[in-house]
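*Asks:* Could you work out the structure for the sequence below:
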Amino acid sequence: MADKRILLVVGGGIAAYKSLELIRRLRERGIAVRAILTRAAQHFVTPLSVSALTGDKAYVDLFSLTDEAEMGHIQLSRDADLLVVAPATADLMAKMANGHADDLATTALLATDKPVLIAPAMNVRMWNHLATRRNHARLIADGVTVIGPNDGDMACGEYGPGRMAEPHEILAGIEAFYQSRGDRPLLGKRIVVTSGPTHEPIDPVRYIANRSSGQQGHALAAALAKLGAQVTLISGPVTLADPAGVETRHVETARQMAAAVDAALPADIAVCAAAVADWRVAGEADQKIKKDGSGRVPALSFVENPDILATISRPGPRRPALVVGFAAETEKVVDHAKAKLARKGCDWIIANDVGSGPDGGVMGAADNTIHIVTAEGTESWPRLPKTEVASRLAARIAQTVKERNI
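*Replies:* From the prediction side, this is the model:
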């Protein structure tokens, strides 16, 4: 998204602080951001802080002779692909709905011929007021995209709708906008993704499994599909809905997953996010194993399951150009991931701590902390929602596809 440009209008409200995080996330994706602060917004965030994050001047004054000479309000609004208003206060929404233009922000919004996305933020009573509901309906009818608001605690102490959407939710709306306009860098690429646990049967009733929920793998499959890829998701037993736009094949055991992956090849990219059981019971019982009253515990012997990641990574005509593995570790996370990278022969290992430490407990959780381990080094990311991790990883894969001409 290096050639994309956004004009961000920051309205006056306590949620204005979230605009700083939004700018940071946009800039991480190479999106150029210019920002206009309303007079009220400057009570909550400073032009200096906004300017430092955008790497550009923060615009505040409609009647600045310098600004009008160098970057007039009309040019500001038309030099962007998309205008984003976050937070969009009740006052800003009213002015937009009725065509008012009494400051730089509203003048730029009225002068634009580009799409507009807003993230409303206000007190619950203001949001529920008939005037705001009318303005909200008017803006939607005019083609404005609205993200949120969410239910939540208000700075004023009340609870209800009116809380501004989180930066990652606004970012998802922005990414969806660009994707709808044809920004699909993975168009034509075939990608196989594995996700979830496997269940290895002991008898018709019992099985060996792990705590993987499949959230990260499913989110990544969806994120890759949004970038235009033809994605085949091989899913172990999960309670998640199949991602939209993805061909999903359901399996139970490691052997079934290995066969499904083999059937999905050849592919340009493989992402092995599933937590595949390393072992299975050597002799699955045909009937339920029952206690016989003797106090003896049945002896179980194990054999290794197929190593899907190592098999995919072997050199040959069916090896994908990029193979990404996952490593769920409870100690020495990066060290074990480096060893796994060398042992398996894949290109990347995405390592996460699934233990009980400060970054642990990610299996089944909504957040994740990952370390990208490659031959070039290790990159550690902060704890993020798994949907955000998926979006960033998909963007990283798309960047690698472009750089390597995959």
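*Asks:* residues touching residue 36, list them.
*Replies:* Contact analysis of residue 36 by CB atoms under 8 Å, 6 or more residues apart in numbering lists 7, 8, 9, 10, 58, 59, 60, 76, 104, 105, 108. Every C-beta, even on glycine, is put in place using the N, C-alpha and C of the backbone.
*Asks:* again, 7 Å this time
*Replies:* 7, 9, 59, 104, 105, 108 (CB atoms under 7 Å, 6 or more residues apart in numbering).
*Asks:* tell me the mean pLDDT for the helix or strand that contains residue 18?
*Replies:* Taking DSSP states H and E as the definition, residue 18 sits inside helix 17-28. Average pLDDT, helix 17-28: 94.
*Asks:* For it, what is the distance to the chain centroid?
*Replies:* 15 Å (CA atoms, centre = their mean, to the nearest Å).
*Asks:* quick one on the thing from earlier: mind putting the contacts of residue 36 in a markdown table, distance to residue 263 and secondary structure included?
*Replies:* Formatted as a markdown table, the contacts of residue 36 follow (distance: CB to CB, whole Å; DSSP: H, G, I helix; E, B strand; the rest coil):
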| residue | distance to residue 263 | secondary structure |
| --- | --- | --- |
| 7 | 48 | strand |
| 9 | 50 | strand |
| 59 | 56 | strand |
| 104 | 58 | helix |
| 105 | 55 | helix |
| 108 | 54 | helix |
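*Asks:* Kindly reformat these as JSON lines containing neighbour count, pLDDT and distance to residue 119.
*Replies:* Formatted as JSON lines, the contacts of residue 36 follow (neighbours: other CB atoms under 10 Å; pLDDT from 0 to 100; distance: CB to CB, whole Å):
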{"residue": "7", "neighbour count": "26", "pLDDT": "96", "distance to residue 119": "14"}
{"residue": "9", "neighbour count": "28", "pLDDT": "96", "distance to residue 119": "10"}
{"residue": "59", "neighbour count": "23", "pLDDT": "92", "distance to residue 119": "19"}
{"residue": "104", "neighbour count": "24", "pLDDT": "93", "distance to residue 119": "19"}
{"residue": "105", "neighbour count": "30", "pLDDT": "93", "distance to residue 119": "14"}
{"residue": "108", "neighbour count": "25", "pLDDT": "92", "distance to residue 119": "17"}
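*Asks:* Farthest pair within those?
*Replies:* 7 and 104 (11.0 Å; CB to CB).
*Asks:* packing partners for the helix or strand harbouring residue 174?
*Replies:* Using DSSP H and E, the element containing residue 174 is helix 167-180. Packed against helix 167-180 by the contact rule (3 or more CB pairs under 7 Å, 6 or more residues apart in numbering; DSSP states H and E) you find helix 17-28, strand 82-88, strand 116-120, helix 386-404.
*Asks:* Name the residues of that helix that come out as buried.
*Replies:* For helix 167-180, burial by neighbour count (16 or more other CB atoms under 10 Å) applies to 167, 169, 170, 171, 172, 173, 174, 175, 177, 178.
*Asks:* Over to stretch 133-149?
*Replies:* Along stretch 133-149, these residues count as buried under the neighbour rule (16+ other CB under 10 Å): 135, 136, 139, 144, 145, 146, 147, 148, 149.
*Asks:* Helix, strand or coil: sort out the closest residue to residue 243 other than its chain neighbours for me.
*Replies:* Nearest residue to residue 243, sequence neighbours excluded (CB to CB, 6 or more residues apart in numbering): residue 222, at 3.9 Å. With DSSP: H, G, I helix; E, B strand; the rest coil as the basis, residue 222 sits in helix.
*Asks:* Neighbours of residue 222, how many?
*Replies:* 21 (other CB atoms under 10 Å).
*Asks:* Next, the contact list for it, please.
*Replies:* Residue 222 is in contact with 243, 244, 246, 390, counting by CB under 7 Å, 6+ apart.
*Asks:* Cool, thanks, signing off.
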